[in-house]
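**Student:** attaching a predicted model along with its sequence, questions to come.
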2 protein chains.
Amino acid sequence: MTIHIEPEALTDRQKAVLEAALAAMVEEGDALTMNSVSRRAACSKETLYKWFGDRDGLLTATVRWQASKVHAPVIDKARLDRPALIATLEQFARDWLTVISSQTSIALNRMAVSHAASGKTSLGSIVLKNGRQAMGRRLEPVLEAANAAGLLNITDIDTAFRTFFGLVLRDVQIRLLLGDKIKLSAAKIAAEAAQATQQFIALYGAVNHSNTKPEG
Amino acid sequence: MTIHIEPEALTDRQKAVLEAALAAMVEEGDALTMNSVSRRAACSKETLYKWFGDRDGLLTATVRWQASKVHAPVIDKARLDRPALIATLEQFARDWLTVISSQTSIALNRMAVSHAASGKTSLGSIVLKNGRQAMGRRLEPVLEAANAAGLLNITDIDTAFRTFFGLVLRDVQIRLLLGDKIKLSAAKIAAEAAQATQQFIALYGAVNHSNTKPEG
DNA sequence: ACAGAACCGTAACGTTCGTTACGGTAAATC
DNA sequence: GATTTACCGTAACGAACGTTACGGTTCTGT
């Protein structure tokens, strides 16, 4: 029996427990046990079961809790000229790379992938909805606005977003998930974000005023 | 105790057992048991342990066995003009998308991701070496040849490959790993491969003779 | 034909871990 | 102050599964 608790309806104590579960996920991965979580949270296993039903409910609540914490910053489409568009895309790419390369994101994605392998796609769909899909919902209005402003020349918004997705993430996410040791400094993230933006503009920019090369 | 057996030194019977283990991976994921494998392979568990040491050894041998089966077709760099380059890149992208979207590849990558979460990076590095890295070793000579022939204008081969990686795979791999139901028909794969190639040429092509748009 | 090895099928062992149950404590409610 | 509620810590139960052991069968070499 899995219990559904909306993230908004969580008490402070419950949030603290989920935070402990999150830490356990990061450090132990899918091998985390109800014991280790209860020890970390300094609570009894009985409480875990009363609040979250079973192990699956605890994992789901933890993923939902983490998802609810990530708030997409609002992007202002007020004055959208070419420099503003570039700045927005770069910021977006930086944020994205930063999140993706965080230990928390890696642990959550690994957990969701493992669950998807067992037919339990609930975690997978949650991560998908709050990861890739949330990014799409957040960026697509910007692309549409840029399209309307004559800055971009996009016929299919979804395809354009998926292209931006590929240009930003490249092989980073899969390598991180597979345990490849990558050191992504802030400078490197900024450089990758700038390059991805440059390439995206080169592909979809309506008019290219600069002679920038794809790579510097 | 994990036993190492080179894939070339496997008997036919052992290959059949690993094939059964592979099928078990695809159908049961990480939840596969020594029992299910032995039942599938019609062999005794004692044999599994004698041949592969332990569960981890069996999984590793299975991944290595699958990896040894995938032979990278040789790409002829003899006559490399622009149409030949485009055809090569498209073929490469098609093959890649086809492999990535296969049930076997999905199961193996999921297994490796799960293992990486437990600190066991052996499977992850194997999959990485035979996936992303093998693709790089295979494509980079082509890019270098195209560069030398004046067809492409690449300063950093590795970065260019990672860009191609992103343009081809986009969000497909992570969505598949997370359990998203995507139906990738041969036609769709061909279209995506063509588009990725077109975009790659648009970014790195030395001279653009055609007025093709990034998407059609 | 016969000895030995290899292998199959099944049973048994031990551990881990999810789940439940229970006694004890502290705070809240009346 | 008594009672209820919520929670902690620990113990105990039961199932799943990795691992090992064993008797029976087939294959191999001589």
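**Tutor:** Ah, there it is.
**Student:** near DNA strand C, which residues of chain A are found?
**Tutor:** A:31-35, A:44-46, A:49, A:54-56 (Cβ under 7 Å from any atom of the strand). Every residue, glycine included, has its C-beta placed from N, CA and C.
**Student:** and which of those residues is nearest chain B?
**Tutor:** A:Ala31 (5.4 Å; Cβ to the nearest Cβ).
**Student:** what residues sit buried inside stretch A:171-190?
**Tutor:** A:171-180, A:189 (16 or more other Cβ atoms under 10 Å in any protein chain shown).
**Student:** pick out the residue closest to the middle of chain A.
**Tutor:** Residue closest to the average C-alpha location in chain A (Cα atoms, centre = their mean): A:Gly131, at 3.9 Å.
**Student:** which residues are in contact with it?
**Tutor:** Applying Cβ atoms under 8 Å, 6 or more residues apart in numbering or on different chains to A:Gly131 gives the contacts A:Asn109.
**Student:** any idea how far B:Ser36 is from it?
**Tutor:** Shown here: A:Gly131 relative to B:Ser36, a distance of 32 Å by Cβ to Cβ, to the nearest Å.
**Student:** now swap in A:Thr62 and tell me
**Tutor:** Noted for A:Thr62: a distance of 29 Å to B:Ser36, by Cβ to Cβ.
**Student:** the two: which is more packed in?
**Tutor:** Shown here are A:Thr62 and B:Ser36; by other Cβ atoms under 10 Å in any protein chain shown, A:Thr62 has more neighbours (25 against 16).
**Student:** where's that one, which helix or strand?
**Tutor:** Using DSSP states H and E, A:Thr62 sits in helix A:55-69.
**Student:** where does the prediction get shaky in chain A?
**Tutor:** Counting by pLDDT under 70, the ranges of chain A that qualify are A:1-8, A:71-74, A:76-78, A:208-216.
**Student:** make it 90
**Tutor:** Low-confidence segments of chain A (pLDDT under 90): A:1-13, A:30, A:67-80, A:118-122, A:206-216.
**Student:** what ranges does it have for its helices?
**Tutor:** A:12-28, A:34-41, A:45-52, A:55-69, A:82-100, A:103-117, A:122-130, A:132-148, A:157-169, A:172-177, A:186-204 (DSSP state H).
**Student:** to B:Thr88, which of those helices lies closest?
**Tutor:** helix A:157-169 (19.8 Å; Cβ to Cβ).
**Student:** that closest one and chain B, are they touching?
**Tutor:** Yes: using Cβ under 8 Å from any Cβ of the partner chain, helix A:157-169 reaches chain B at A:159-160, A:162-163, A:165-169.
**Student:** just give the closest residue to A:Leu177, not the sequence neighbours.
**Tutor:** Closest residue to A:Leu177 apart from its sequence neighbours, by Cβ to Cβ, 6 or more residues apart in numbering or on different chains: B:Val113 at 4.8 Å.
**Student:** look up how far DNA strand D lies from the one you found.
**Tutor:** In this view, B:Val113 and DNA strand D are 18 Å apart by Cβ to the nearest atom of the strand, to the nearest Å.
**Student:** okay, the helices of chain A in a markdown table with distance to B:Val99 next?
**Tutor:** A markdown table is the format used below for the helices of chain A (distance: least, Cβ to Cβ, whole Å):
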| stretch | distance to B:Val99 |
| --- | --- |
| helix A:12-28 | 30 |
| helix A:34-41 | 37 |
| helix A:45-52 | 39 |
| helix A:55-69 | 29 |
| helix A:82-100 | 23 |
| helix A:103-117 | 18 |
| helix A:122-130 | 21 |
| helix A:132-148 | 21 |
| helix A:157-169 | 17 |
| helix A:172-177 | 13 |
| helix A:186-204 | 25 |
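**Student:** out of those helices, which is closest to B:Arg138?
**Tutor:** Set against B:Arg138 and scored by Cβ to Cβ, those come closest in helix A:172-177, at 17.0 Å.
**Student:** which residues are contacting the closest one?
**Tutor:** Surrounding helix A:172-177, the residues in contact under the criterion Cβ under 8 Å, 6+ apart are A:97, A:100-101, A:106, A:109-110, A:113, A:182, A:184, A:192, B:109, B:113, B:116, B:128, B:132, B:173-174, B:177.
**Student:** hmm, which of those residues are the buried ones?
**Tutor:** With burial judged by 16+ other Cβ under 10 Å, the buried subset of those is A:97, A:100-101, A:106, A:109-110, A:113, A:192, B:109, B:113, B:116, B:128, B:132, B:173-174, B:177.
**Student:** hang on, the earlier thing: out of the helices of chain A, which gets nearest to B:Ala21?
**Tutor:** So among the helices of chain A, helix A:103-117 is nearest, using Cβ to Cβ, at 14.9 Å.
**Student:** relative orientation of the closest one and helix B:103-117 in degrees?
**Tutor:** Interaxial angle of helix A:103-117 relative to helix B:103-117 (axes from the mean of the first three to the mean of the last three Cα atoms, to 10 degrees): 140 degrees.
**Student:** who's in contact with helix A:103-117?
**Tutor:** Taking Cβ under 8 Å, 6+ apart as the rule, helix A:103-117 contacts A:22, A:25-26, A:29-30, A:59, A:63, A:66, A:99-100, A:121-124, A:126-128, A:131, A:173, A:176-177, B:29-31, B:107, B:110-111, B:113-114, B:116-117, B:174, B:177-179.
**Student:** what about the closest residue to A:Leu89 other than its chain neighbours, how many neighbours?
**Tutor:** Distances taken as Cβ to Cβ, 6+ apart place A:Thr197 nearest to A:Leu89, at 4.3 Å, with adjacent residues excluded. A:Thr197 is flanked by 23 other residues according to other Cβ under 10 Å.
**Student:** quick one on the thing from earlier: any bit of the helix holding A:Thr62 sitting next to chain B?
**Tutor:** No: judged by Cβ under 8 Å from any Cβ, helix A:55-69 makes no contact with chain B; its nearest approach is 11.7 Å.
**Student:** buried residues, that helix. List them.
**Tutor:** A:57-67.
**Student:** tabulate these (CSV), appending distance to B:Leu139.
**Tutor:** Shown next, in CSV, are the buried residues of helix A:55-69 (distance: Cβ to Cβ, whole Å):
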residue, distance to B:Leu139
A:Gly57, 45
A:Leu58, 44
A:Leu59, 39
A:Thr60, 40
A:Ala61, 43
A:Thr62, 40
A:Val63, 36
A:Arg64, 40
A:Trp65, 41
A:Gln66, 36
A:Ala67, 36
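**Student:** closest to chain B out of these?
**Tutor:** Ranked by distance to chain B (Cβ to the nearest Cβ), the buried residues of helix A:55-69 are led by A:Val63 at 11.7 Å.
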